[in-house]
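**Q** fold the following for me, if possible:
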Amino acid sequence: MKPITILLAFTTMVLFSCNESKTKTEEFSGTDTSKTVENKAMIPSSACYTSISGKDTFKLKLEVFPNVATGKLSYHFSEKDSNDGTFEGELRGDTLWANYTFASEGKQSIREIVFLIKDSVATEGYGEVEEKDGKMAFKNRNEITFQKGLVLHKTECGEY
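**A** I've put the predicted structure just below:
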């Protein structure tokens with residue numbers, strides 16, 4: 001009986017070895033899920049702000065992504081040329097720093113903008129500017145003031 005026991009043990013080892021080998025082959029022939037790249041749509045947090053002063057209307061639409069802030073900004077003056085454009089920059093704490101690209105008087109321009117976003121209000125900052133690298137930029141960011149800036153209040157975005 002001893003040879004039969006040895007034969008059964010040997011047969012069992014061979015069968016298990018074959019099954020183990022087959023299992024390993026199946027594991028490695030499938031897709032490697034650890035290297036699967038997911039395409040995730042980044043949905044920005046959005047907010048819109050508006051101000052109306054007499055017949056003048058100002059609108060700001062802000063979209064914040066993890067690494068950039070973008071949006072639209074328009075200054076519609078009743079009896080003067082209006083500015084409509086887009087901006088791209090970043091939100092640092094409660095302060096939006098961006099480059100605003102806009103069309104006015106048939107000419108495209110770029111200028112640096114800054115808004116303090118706080119308590120459902122966006123207040124534009126002002127300071128002395130100078131031309132740098134083809135755009136108007138703040139001469140000294142430490143001297144920007146928000147006390148006399150344009151104040152826009154949070155509104156529903158709806159149609160911008």
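
**Q** can you mark which positions in stretch 148-160 are buried?
**A** Gly149, Leu150, Leu152, Lys154 (16 or more other C-beta atoms under 10 Å). Every C-beta, even on glycine, is put in place using the N, C-alpha and C of the backbone.

**Q** doesn't the third one belong to a helix?
**A** No - according to DSSP: H, G, I helix; E, B strand; the rest coil, Leu152 belongs to no helix; its state is strand.

**Q** nearest residue to it in space, please, no chain neighbours.
**A** Using C-beta to C-beta, 6 or more residues apart in numbering and skipping residues adjacent in sequence, the residue nearest Leu152 is Tyr49, 3.6 Å away.

**Q** then the first one?
**A** The spatial neighbour of Gly149 that comes closest, neighbours along the chain excluded (C-beta to C-beta, 6+ apart), is Glu124 at 4.1 Å.

**Q** just the CA atoms of the helix or strand harbouring the residue nearest to Leu152, as PDB, please.
**A** Assessed by DSSP states H and E, Tyr49 sits inside strand 45-53. Output of strand 45-53 as PDB, limited to C-alpha atoms (Å, rounded to 0.1, in the frame of the first residue of the first chain):
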ATOM      1  CA  SER A  45     -17.100  75.500  -7.900                       C
ATOM      2  CA  SER A  46     -18.800  78.500  -9.500                       C
ATOM      3  CA  ALA A  47     -20.000  81.800  -8.200                       C
ATOM      4  CA  CYS A  48     -21.400  84.900  -9.900                       C
ATOM      5  CA  TYR A  49     -21.400  88.500  -8.800                       C
ATOM      6  CA  THR A  50     -23.200  91.600 -10.100                       C
ATOM      7  CA  SER A  51     -23.300  95.300  -9.500                       C
ATOM      8  CA  ILE A  52     -25.600  97.900 -10.900                       C
ATOM      9  CA  SER A  53     -24.800 101.600 -10.500                       C
END
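
**Q** other residues contacting that strand?
**A** 57-64, 117, 121-122, 150-158, 160 (C-beta atoms under 8 Å, 6 or more residues apart in numbering).
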